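Chemist: task: produce atomic coordinates for the following.
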Amino acid sequence: MKQIFGRTALLFLGNLILRFLGLILPPVDVRYLSPDEHGIWGMSSSIGLFLNLMLPVGMFMAVGRFYFDAQDESERAVSLGGILNFLVLFPLAALLLLERFGPSLFMGESRKAMMEFI
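Modeler: Numbers count the residues shown, from 1 in each chain. Below you'll find the predicted structure:
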């Protein structure tokens, strides 16, 4: 029981530190980033949050179901191995496609030429 409370306190402390940094860092960002850089940071954060929600496609929730539905260890290994493969390969393929076609999706021709120059 003591170990549970210790780990819960550690998790709480980590969340508290992250929230505190969320209060402290925006004024620092405003001070050191230009308006253009601030826009790039905001767009990158938004895209990152969106991809973080969309790429797993709910597979983290499926792990529990397939784990307990399996009749034996070999069936469990097959189903969890398939989920792991999906969680690795699908986001990798999606990110590679975004890397290849992202500039034409998110930027016009003038901005694309500027990014290639940088």
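Chemist: work out for me the element the most centrally placed residue in the chain sits within.
Modeler: Note on the chain: the residue nearest the mean C-alpha position is residue 52, at 3.2 Å, using Cα atoms, centre = their mean. For residue 52, the host element (DSSP states H and E) is helix 35-54.
Chemist: hmm, who's touching that helix?
Modeler: 29, 30, 33, 91, 94, 95 (Cβ atoms under 8 Å, 6 or more residues apart in numbering). In short, each C-beta sits where N, CA and C put it, glycine included.
Chemist: now with 10 Å?
Modeler: Contact partners of helix 35-54, identified using Cβ atoms under 10 Å, 6 or more residues apart in numbering, comprise 26, 29, 30, 32, 33, 34, 91, 94, 95, 98, 102, 106.
Chemist: again, but for stretch 58-65
Modeler: Counting by Cβ under 10 Å, 6+ apart, 56, 66, 79, 80, 82, 83, 84, 86, 87, 90 sit against stretch 58-65.
Chemist: if we go to 7 Å?
Modeler: By Cβ atoms under 7 Å, 6 or more residues apart in numbering, the surrounding residues in contact with stretch 58-65 are 80, 83, 86, 87.
Chemist: now do stretch 82-92
Modeler: 55, 56, 57, 59, 62, 63, 66.
Chemist: go ahead and build a PyMOL selection from the buried members of the residues you listed.
Modeler: Restricted to buried positions by 16 or more other Cβ atoms under 10 Å, the PyMOL selection for the contacts of stretch 82-92 reads:
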select buried, resi 56+62+66
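Chemist: against residue 12, how distant is residue 18?
Modeler: Distance of residue 18 to residue 12, computed by Cβ to Cβ, to the nearest Å: 11 Å.
Chemist: same question for residue 43.
Modeler: Distance from residue 43 to residue 12, by Cβ to Cβ: 32 Å.
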